[in-house]
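K.L.:
Sequence and computational prediction follow.
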Amino acid sequence: MLYPPQINYERPESISEALSLLNEHSRPFLIAGGTIGVLNLKRRALSPDLVIDIGRLKELKGIDFRDEKYRIGSAVKIYEIIDSEFNGPGFSLLKKAASSVGDPLLRNMGTVGGNVCIGDPSNDLPPALLALGAELNIVGKAGSRNLNISSFYIGPYRNLLAKNEILGSINFAEPGKGYRWFYYKHYIRHLDHSVVNVAALAKVEGKKIDDLRIAIGGMSVRVPTLIETSWIKGITAGQEELQRVVKLASEKCLCLDDRHGSAEYKKNMIEKVTQMAFLSVVGGVL
Ligand SMILES: Cc1cc2nc3c(=O)[nH]c(=O)nc-3n(C[C@H](O)[C@H](O)[C@H](O)COP(=O)(O)OP(=O)(O)OC[C@H]3O[C@@H](n4cnc5c(N)ncnc54)[C@H](O)[C@@H]3O)c2cc1C
């Protein structure tokens, strides 16, 4: 049994207090649900001079829907996404990704913000949020800024948050009526992280594709990535378009042999799941 080292721990009452603590310490470390953060402390992967627990901050809680846009507080638990009343195509995609996270214990403790910030290439929520074009609201002492999730990651486990910033909320517009969605997690054993995963959204008008978004996760050396599909707008999709999208996904694939499988196996699976996603959201017109 691993125990964490002795740590200095604070549970601030407000974001402003949390930001002051971040600024006052040289090696602060944030935890929300702590499902990965505490594990890393136990493994001695970190030696913070203060652990700041933001998991119960009211300002980081709640899921709101206003003007066709969702605002999800970063400390919202994964299970709250699954249990929420919202059922538009965009939110349903996120729900499916959320229900693919680990087991009930992890979903009860883990937060949306923690899932996004850790930057694990195999996590379930980032591909769905990427397909949804989510904006991240980031707060710091000087104010707040918005960043699209597509430019948030600079590599596996690395993002553009400064040391003294907190992810406040995750925001996205509901794509709405007429959109079809798909999420699939390919894994080896129950409760495992994804070998590869895919999130997709599409709108087909008549027989023509109006919008297609496909995001792929699980590549060992790349955080989730969007496939370039803007060229397909207005096209009646057939086998040729399907093969082109699969080829684009394969070309984006940057995998290494890792505990989830060999690079070759992963590349093969990326092609398969892209095909599944395309057929599922565009399918009827092929
Ligand atoms: C056995 C096991 C299985 C797992 N399986 C899955 C799985 O199948 N799918 C999946 O997606 N994930 C999985 N996870 C990963 C993890 O449980 C989830 O990603 C969870 O949502 C992380 O949230 P958390 O609140 O516990 O993060 P924490 O551990 O609290 O934090 C994670 C990281 O994010 C940072 N952070 C957290 N919140 C913020 C914020 N608001 N602002 C800035 N930084 C922040 C922390 O500093 C830390 O670096 C698994 C983990 C374990 C241990």
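P.N.:
Thanks, I have the structure now. Residues are numbered from 1 along each chain as shown.
K.L.:
quick one, helices of the stretch 151-286 of the chain?
P.N.:
Assigned by DSSP state H, counting those that start in this stretch, the helices in the stretch 151-286 of the chain fall at 239-252, 263-282.
K.L.:
and the residue in the stretch 101-250 of the chain that the ligand sits nearest to, how many neighbours?
P.N.:
Closest residue of the stretch 101-250 of the chain to the ligand, CB to the nearest ligand atom: G114 (2.1 Å). To be clear about C-beta, it is placed using only N, CA and C from the backbone, and glycine gets the same treatment. Neighbourhood size, G114 [other CB atoms under 10 Å]: 26.
K.L.:
picking that back up, packed most tightly, which of the helices of the stretch 151-286 of the chain would that be?
P.N.:
Highest mean neighbour count among these (mean count of other CB atoms under 10 Å): helix 263-282, with a mean of 20.
K.L.:
Which strands and helices lie in contact with that helix?
P.N.:
Contacts defined by 3 or more CB pairs under 8 Å, 6 or more residues apart in numbering; DSSP states H and E place helix 263-282 against strand 179-186, strand 196-205, strand 208-217, helix 239-252.
K.L.:
okay, the angle between the second one and helix 263-282?
P.N.:
Our comparison of strand 196-205 with helix 263-282, counting by axes from the mean of the first three to the mean of the last three CA atoms, to 10 degrees, yields an angle of 20 degrees.
K.L.:
any chance you could map the strands in this protein?
P.N.:
In the chain, the strands defined using DSSP state E lie at 9-10, 28-31, 50-53, 63-66, 69-73, 135-140, 143-148, 153-155, 158-159, 166-173, 179-186, 196-205, 208-217, 225-226.
K.L.:
Paired strands for the first one, with orientation please.
P.N.:
Think strand 9-10. strand 50-53 (parallel) (DSSP bridges).
K.L.:
returning to what we had before: any chance of the strands of the chain in a markdown table, plus mean neighbour count, mean pLDDT and distance to A98?
P.N.:
Putting the strands of the chain into a markdown table (neighbours: other CB atoms under 10 Å; pLDDT from 0 to 100; distance: least, CB to CB, whole Å) gives the following:
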| stretch | mean neighbour count | mean pLDDT | distance to A98 |
| --- | --- | --- | --- |
| strand 9-10 | 13 | 98 | 28 |
| strand 28-31 | 21 | 98 | 20 |
| strand 50-53 | 20 | 98 | 22 |
| strand 63-66 | 13 | 97 | 11 |
| strand 69-73 | 20 | 98 | 10 |
| strand 135-140 | 20 | 98 | 17 |
| strand 143-148 | 12 | 97 | 20 |
| strand 153-155 | 14 | 94 | 19 |
| strand 158-159 | 16 | 96 | 20 |
| strand 166-173 | 23 | 98 | 12 |
| strand 179-186 | 21 | 97 | 9 |
| strand 196-205 | 25 | 96 | 12 |
| strand 208-217 | 22 | 96 | 14 |
| strand 225-226 | 19 | 94 | 20 |
